[in-house]
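1. attaching a predicted model along with its sequence, questions to come.
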Amino acid sequence: DTAVSQTPKYLVTQMGNDKSIKCEQNLGHDTMYWYKQDSKKFLKIMFSYNNKELIINETVPNRFSPKSPDKAHLNLHINSLELGDSAVYFCASSRGLAGNQETQYFGPGTRLLVL
Amino acid sequence: GENVEQHPSTLSVQEGDSAVIKCTYSDSASNYFPWYKQELGKRPQLIIDIRSNVGEKKDQRIAVTLNKTAKHFSLHITETQPEDSAVYFCAARMPGTYKYIFGTGTRLKVLA
């Protein structure tokens, strides 16, 4: 019954590894997002998909690649992890993009630590 | 570029007092302004929002005001309680790009 869920909750890995974070929402929403929250708590949009189509692609290293196999899932794959990738990654979803549909609901976050 | 400034970065108030957090946005086309509360180790949770066609919105002890001319919006919490202690984020949505730009957060401490 969790609205927006992410796995794993914690991820500790070595520099240079490749890892994936998964996000699922059971709200029937069309739009999903990935945010990065750094150590100073600053929340920054990375990507967004609407109906499986990429609509936001911020200035993010191309080591980060999102994939949306269907509207309920948005995964984030990170290649060649670097120390600076350590952060909390939040997935979010909204009903859509138009007025009154844009309210975002966040997942619990994935705490990534790169050693 | 797109920017949302949030002040103050930290705010301590006595229980029962009011707290006000202010944000200023840069893109005059922004049309939706949510406020999120994030407790330690938890996800951001929406507490109140306002759209650009409304000047004020209230929900019990929480209110948000919007001044489109000045591109300011503020969160007001009255009769603060210790459980209000958290980090609060404002955000502005860019209708053209669908992006949300978040403020840098305000750490609110309510002292019992």
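-> Now that the structure is in, tell me what you want to look at. Numbering: from 1, shown residues only, chains lettered A, B, ... in the order given.
2. now residue A:38. Nearest residue, chain neighbours left out?
-> residue A:87 (5.0 Å; C-beta to C-beta, 6 or more residues apart in numbering or on different chains). (C-beta placed from N, C-alpha, C; glycine too.)
3. just give me the neighbour total for that neighbour.
-> For residue A:87, the neighbour count with other C-beta atoms under 10 Å in any protein chain shown is 19.
4. same question, residue B:74
-> 18.
5. ok, it - contacts?
-> Residues near residue B:74 by C-beta atoms under 8 Å, 6 or more residues apart in numbering or on different chains: B:20-23, B:64-65.
6. so which elements touch the helix or strand hosting residue B:13?
-> Taking DSSP states H and E as the criterion, residue B:13 maps to strand B:10-14. In terms of contacts (3 or more C-beta pairs under 8 Å, 6 or more residues apart in numbering or on different chains; DSSP states H and E), strand B:10-14 is packed against strand B:19-25, strand B:106-111.
7. what angle separates the longest one from strand B:10-14?
-> This points to strand B:19-25. 160 degrees (axes from the mean of the first three to the mean of the last three C-alpha atoms, to 10 degrees).
8. please see if strand B:19-25 touches chain A.
-> No: using C-beta under 8 Å from any C-beta of the partner chain, strand B:19-25 stays clear of chain A, coming no nearer than 13.4 Å.
9. in the sheet, which strands lie alongside that strand, parallel or antiparallel?
-> Using DSSP bridges, strand B:19-25 pairs in its sheet with strand B:4-7 (antiparallel), strand B:72-77 (antiparallel).
10. check which element follows the last one along the chain.
-> The first helix or strand that comes after strand B:72-77 along the chain, using DSSP H and E, is strand B:86-93.
11. near chain A, anything from that next one?
-> Yes: using C-beta under 8 Å from any C-beta, strand B:86-93 reaches chain A at B:87, B:89, B:93.
12. helices or strands up against that strand?
-> strand B:4-7, strand B:19-25, strand B:32-38, strand B:72-77, strand B:100-102, strand B:106-111.
13. in JSON lines, list these along with mean pLDDT and distance to residue B:50.
-> Below are those laid out as JSON lines (pLDDT from 0 to 100; distance: least, C-beta to C-beta, whole Å):
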{"stretch": "strand B:4-7", "mean pLDDT": "96", "distance to residue B:50": "14"}
{"stretch": "strand B:19-25", "mean pLDDT": "97", "distance to residue B:50": "11"}
{"stretch": "strand B:32-38", "mean pLDDT": "96", "distance to residue B:50": "5"}
{"stretch": "strand B:72-77", "mean pLDDT": "98", "distance to residue B:50": "7"}
{"stretch": "strand B:100-102", "mean pLDDT": "93", "distance to residue B:50": "14"}
{"stretch": "strand B:106-111", "mean pLDDT": "97", "distance to residue B:50": "17"}
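14. cheers, nothing more for now.
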